[in-house]
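J.: Need the 3D shape of this:
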Amino acid sequence: MSTNTGPPSFDSFMLPIPNESVGLIIGKQGDMIKKLRASSNASVIQVAKDCAYGCAYRNVFIEGSLESYCLSKKAIYEIIDTYNRGKRLPTFNFTHTLSSEPFKEIIVPDAYVKYVIGEELQVLKRIMQESGAKIIVPTKNAPGTKNRYITLTGQPENIQQAVNIIYTILEPIYKRDSISNGIKPMQF
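T.: Alright, predicted model coming up:
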């Protein structure tokens, strides 16, 4: 999916919503989606024009920080649930997407991201399995930098365990590269 401003950025998210809720999210003349964008500080919130044949959901494209995504998601679900309660319909339990649980961003230089990901995502999968945290690695650098902001979500202790594993992987590589460049090794 592309936005009206071009291809999605590294900090873009998709949120599935029921087809029958699309009008609620957009609002009259787009007023609701404008309010959502302003209240969440997301740079873009856009509903897909259509979905696959027979699909009961449509994607909402949200571009912004993980915090913006979580705020948008919460507001969108509240709109849908309020409408459903008013119509005496069941409320939705959307647990298959990122939740508003705690998160942390760590900055990893682009040249070192490959050590966090590993071949065929093996290292990343191992970190998530060992720590219990969910990890999102953007495919592109943060604008104007040579770094990627890796987002970790889950319970605080899971996030901290994932951070520790990542630092354990990267520390010897940072030290090796610092020494080979004549720079004093970094201390963590």
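J.: what are the ranges of the strands in this structure?
T.: 12-18, 44-47, 57-63, 103-109, 134-136, 147-153 (DSSP state E).
J.: Asp31: which of these is closest?
T.: Of all the strands of the chain, strand 44-47 sits nearest to Asp31, with 12.5 Å by Cβ to Cβ. All C-beta spots, glycine's among them, are computed from the backbone N, C-alpha and C.
J.: neighbouring strands for the closest one, and are they parallel or not?
T.: Next to strand 44-47 in the sheet, as set by DSSP bridges, lie strand 57-63 (antiparallel).
J.: OK, contacts around the nearest residue to Glu130 once chain neighbours are set aside?
T.: The shortest distance from Glu130 to any non-neighbouring residue, by Cβ to Cβ, 6 or more residues apart in numbering, is to Ile165 (6.3 Å). When contacts are counted by Cβ atoms under 8 Å, 6 or more residues apart in numbering, Ile165 touches Ile127, Glu130, Ser131.
J.: Around the last one, how many other residues sit close by?
T.: A count of nearby residues for Ser131, using other Cβ atoms under 10 Å, gives 22.
J.: you'd agree it is up against Gln161?
T.: Yes - between Ser131 and Gln161 there is a contact at 4.1 Å, judged by Cβ atoms under 8 Å.
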